[in-house]
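[1] Need coordinates for the following:
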Amino acid sequence: MEEFKIHFKPQNKSIKVPKGTDLLTAAIKAGVVIAAACGGEGLCGKCKVSVGGSTVLACQTLAESDLLVEVPKGSVESHSAMKHESEDFTKGIISEREKSLKLSPIIRKVYVELSEPTQDDNTDDLERILRAVELSIAHSRITTRLSNIKHLSENLRDSAYKVTAVVAYEEGSVEMLAVEPGDTTDRLFGFAFDIGTTTVAGQLIDLNSGEILGTRIAFNKQSTYGSDVITRIVYASNPKGLDTLSEAVLANIADIIKDLSDSCRVNLSVIYAAVLAGNMTMMHLLLKIDPTNIRKAPYIPAAARFCPMNAREVGIDINQRASAVFLPGVSTYVGGDIVAGLLACGLADNPNLTLLIDIGTNGEIVLGNSEWMMGTAASAGPAFEGSGLECGMKAVKGAIQKAEIGVNLYTKVETVWQEAPRGICGSGYIDILCQLLKRNIIHRDGKINRSIKSDLVRNNGVNYEFVLVPKNMSATGKDIVITDDDIENLKRSKGAIYSAIISLLNKVGKNMSDITKIYIAGGFGNYLNIENSIHIGLLPDINRDVYEFIGNSSLAGARMMLLSRDLVARADAIRKNVTYLDLSSEPDYMDEYVASLFFPHTDMGRFPSAQ
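    Just a heads-up that it's a prediction; the model follows:
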């Protein structure tokens with residue numbers, strides 16, 4: 001097969017690929033991460049590169065000869081920095097709930113000193129240790145695996161019958177995972193993970209004390225193959241696509257495990273558990289389960305609840321007998337990450353009407369109380385993650401996360417890590433939309449005001465755009481703008497979330513005034529400006545005291561399950577008690593959605609503070 005050499009600059013990386021390979025695939029193989037929000041379908045226009053002086057899309061350009069490919073800054077996807085977070089994931093309501101939990105981790109070590117066998121006591125070795133452990137933990141019928149039995153006799157005799165049993169609590173049963181010589185009870189650790197569409201977050205936790213030893217966050221390496229779950233499901237249908245996506249997120253997990261275990265000086269051999277939460281598609285991709293039916297009517301996943309597995313079997317490299325435990329999901333679009341969030345915020349235990357909103361790549365919403373819960377997913381798309389927008393980007397270095405437009409129409413911006421601006425992330429877009437409305441730069445329908453006489457408002461040949469940062473002040477050397485099309489995408493996203501909230505309320509016959517608490521979850525929520533979100537019609541215009549940020553509730557719920565074996569059964573009870581509302585089959589939803597496609601809404605009476 002004929003091959004050609006592709007060299008990428010300024011990364012100075014080369015790769016040989018078969019004739020006909022697209023340049024995006026070549027870049028991935030060479031370790032050059034190019035933005036491709038659409039997963040290489042040629043739709044997003046993000047993967048622009050220069051070949052022979054011409055600008056082309058990497059995903060649509062095939063290797064027909066040796067090539068020199070120049071990758072501009074604007075096409076580089078930032079996956080480089082893993083955040084060494086000191087961020088407080090246990091603040092507020094979540095920390096209070098965790099403090100009330102009895103520390104009872106799903107993995108436990110039990111030290112036992114066994115009597116040695118004699119002619120009068122000829123109990124077999126396995127029965128001898130199982131009896132001792134059962135007596136110690138007050139639990140009968142402990143199971144174990146063949147791998148433990150094979151060398152058990154040797155291990156007991158070499159350790160003078162003084163050993164530590166590692167036991168895993170599952171729903172209604174206990175398994176002895178391993179037998180260690182001597183007393184090793186002082187060293188026992190586990191990981192909690194949130195497998196998000198955009199980011200993967202992990203925490204290393206001391207299971208004896210419950211202490212969080214460290215937190216790491218990294219951008220999901222699957223993003224190279226698509227910015228949202230649909231494009232990744234499509235990519236998974238390619239030959240070896242499912243393997244590639246699984247390997248990508250497992251690489252994230254491996255990086256986090258290595259970084260935290262090295263920095264905390266914890267050997268992998270004493271890490272016996274990983275609890276993972278994520279949406280349904282992320283769990284299917286992680287476990288190499290075909291996700292095709294998730295996007296086909298009637299939208300049925302292969303599984304919504306995954307039994308505990310051996311971590312090594314999953315591909316998580318910790319102790320070879322460690323357990324991987326998963327938060328159960330409700331339906332295709334309300335996954336284990338939302339059940340984890342319900343555990344964390346306590347909605348399922350609150351007698352008062354409460355709303356949980358997780359704003360991420362999509363918007364998952366649950367309304368209810370301790371008696372009933374109803375959940376749904378808003379097809380908001382990845383706009384609030386910066387995808388599909390002219391200058392959109394994730395919340396990495398140089399992303400505009402706050403903005404204020406002055407009376408002279410010039411914009412003052414604040415960026416992530418105070419770097420020169422490279423683009424705009426979700427929270428920045430919300431601020432910008434609010435400011436555009438207040439300065440009458442856009443009309444309520446979202447169109448840029450053509451009558452404004454300013455160099456900052458211009459026709460770009462396709463539609464109108466507003467210049468936020470001129471090219472001489474940006475890190476890319478290009479103007480950072482927001483266009484009519486961008487605003488239209490953002491308007492649809494905010495409308496989807498708001499109309500989903502209203503549809504849930506309508507379905508159960510409740511009013512906005514009945515809600516006593518609204519929890520805002522997700523990494524995006526940490527930087528959300530409530531006033532600006534209300535002004536554009538993303539969130540309901542009600543008493544601001546009702547709103548509470550709870551950070552990464554998916555990670556918090558995974559951590560809580562790791563530290564409390566009672567929550568394994570509780571999580572399953574919660575998921576059984578959530579009724580899923582399919583908005584596409586709701587007759588009134590489309591009317592609500594269409595009505596929300598104005599800023600803030602067609603019915604200004606719903607947003608008195610925005611008038």
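
[2] By mean pLDDT, flag the weakest helix or strand of this structure.
    Confidence across the helices and strands of the chain bottoms out at strand 83-85, with a mean of 53, counting by mean pLDDT, DSSP states H and E.

[3] could you point out where the chain is predicted with low confidence?
    Scanning the chain for pLDDT under 70 picks out 37, 39, 77-95, 523-526.

[4] Any idea which residue is closest to the centre of it?
    Central residue of the chain (CA atoms, centre = their mean): residue 196, 1.6 Å from the mean position.

[5] Just to check, that one is in contact with residue 281?
    No: with contact defined as CB atoms under 8 Å, residue 196 does not reach residue 281; the gap is 11.0 Å. Glycine gets a C-beta too; all of them are placed from N, C-alpha and C.

[6] And this protein, what are its domain boundaries?
    What automatic domain parsing lists as the domains of the chain is 3-75, 107-181, 336-380+499-610, 383-489.

[7] Would you reformat those as JSON lines and include mean neighbour count?
    Listed next are the domains of the chain as JSON lines, based on neighbours: other CB atoms under 10 Å:
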{"stretch": "domain 3-75", "mean neighbour count": "18"}
{"stretch": "domain 107-181", "mean neighbour count": "16"}
{"stretch": "domain 336-380+499-610", "mean neighbour count": "20"}
{"stretch": "domain 383-489", "mean neighbour count": "19"}
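
[8] and of those, who's closest to residue 322?
    The closest of the domains of the chain to residue 322 is domain 107-181. By CB to CB, the value is 7.2 Å.

[9] where does the residue nearest to the centre of the chain fall, phi/psi-wise?
    phi -90, psi 160 (degrees, to the nearest 10).

[10] show me what contacts it?
    220, 278, 279, 282, 337, 360, 361, 523, 554 (CB atoms under 8 Å, 6 or more residues apart in numbering).

[11] any idea which of the residues you listed is closest to residue 31?
    Of the contacts of residue 196, the one sitting nearest to residue 31 (CB to CB) turns out to be residue 220, at 16.7 Å.

[12] Setting aside sequence-adjacent positions, which residue approaches the closest one most closely?
    residue 200 (5.3 Å; CB to CB, 6 or more residues apart in numbering).

[13] In this structure the one you found contacts residue 254, no?
    No: contact criterion CB under 8 Å: residue 200 and residue 254 do not qualify, at 10.5 Å.

[14] quick one: which of the contacts of residue 196 is nearest residue 121?
    Once CB to CB is applied, the member of the contacts of residue 196 that ends up nearest residue 121 is residue 278, at 49.4 Å.

[15] That closest one pairs with what?
    Assessed by DSSP bridges, residue 278 has beta-bridge partners residue 195.

[16] That one: neighbour count?
    27 (other CB atoms under 10 Å).

[17] looking at it, it is touching residue 335, isn't it?
    Yes: under the criterion of CB under 8 Å, residue 278 makes contact with residue 335 at 6.3 Å.

[18] which residues are in contact with both of those two?
    Counting by CB under 8 Å, 6+ apart, the residues touching both residue 278 and residue 335 are residue 327.

[19] Tell me the gap between stretch 279-296 and the middle of its chain.
    14 Å (CA atoms, centre = their mean, to the nearest Å).

[20] Pull it out as PDB, backbone CA atoms only.
    What follows is stretch 279-296, C-alpha atoms only, in PDB (Å, rounded to 0.1, in the frame of the first residue of the first chain):
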ATOM      1  CA  ASN A 279     -24.000  10.100  31.100                       C
ATOM      2  CA  MET A 280     -25.300   7.000  29.300                       C
ATOM      3  CA  THR A 281     -23.200   7.500  26.100                       C
ATOM      4  CA  MET A 282     -20.000   8.100  28.000                       C
ATOM      5  CA  MET A 283     -20.500   4.800  30.000                       C
ATOM      6  CA  HIS A 284     -21.200   2.900  26.800                       C
ATOM      7  CA  LEU A 285     -18.100   4.300  25.100                       C
ATOM      8  CA  LEU A 286     -15.900   3.700  28.200                       C
ATOM      9  CA  LEU A 287     -17.000   0.000  28.400                       C
ATOM     10  CA  LYS A 288     -16.900  -0.500  24.600                       C
ATOM     11  CA  ILE A 289     -20.600  -1.200  24.400                       C
ATOM     12  CA  ASP A 290     -22.200  -0.300  21.100                       C
ATOM     13  CA  PRO A 291     -24.100   3.000  21.600                       C
ATOM     14  CA  THR A 292     -25.800   3.000  18.200                       C
ATOM     15  CA  ASN A 293     -29.400   2.500  19.600                       C
ATOM     16  CA  ILE A 294     -29.000   5.500  21.900                       C
ATOM     17  CA  ARG A 295     -29.600   7.800  18.900                       C
ATOM     18  CA  LYS A 296     -32.200   5.700  17.200                       C
END
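
[21] can you list contacts of that stretch?
    Contacts for stretch 279-296 (CB under 8 Å, 6+ apart): 195-197, 222, 229-230, 232-234, 236-237, 242-243, 245-246, 249-250, 276, 278, 299-304, 306, 314, 326, 329, 331-333, 335-338, 362, 364.

[22] hmm, back to that, and the residue nearest to residue 220, what is it in contact with?
    By CB under 8 Å, 6+ apart, the neighbours of residue 200 are 193, 194, 217, 218, 219, 220, 249, 252, 253, 256.

[23] will you turn those residues into CSV that also has neighbour count?
    What follows is the contacts of residue 200, written out as CSV (neighbours: other CB under 10 Å):
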residue, neighbour count
193, 28
194, 30
217, 22
218, 20
219, 23
220, 25
249, 22
252, 25
253, 24
256, 23
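
[24] Filter those down to just the ones in strands.
    193, 194, 217, 218, 219 (DSSP state E).
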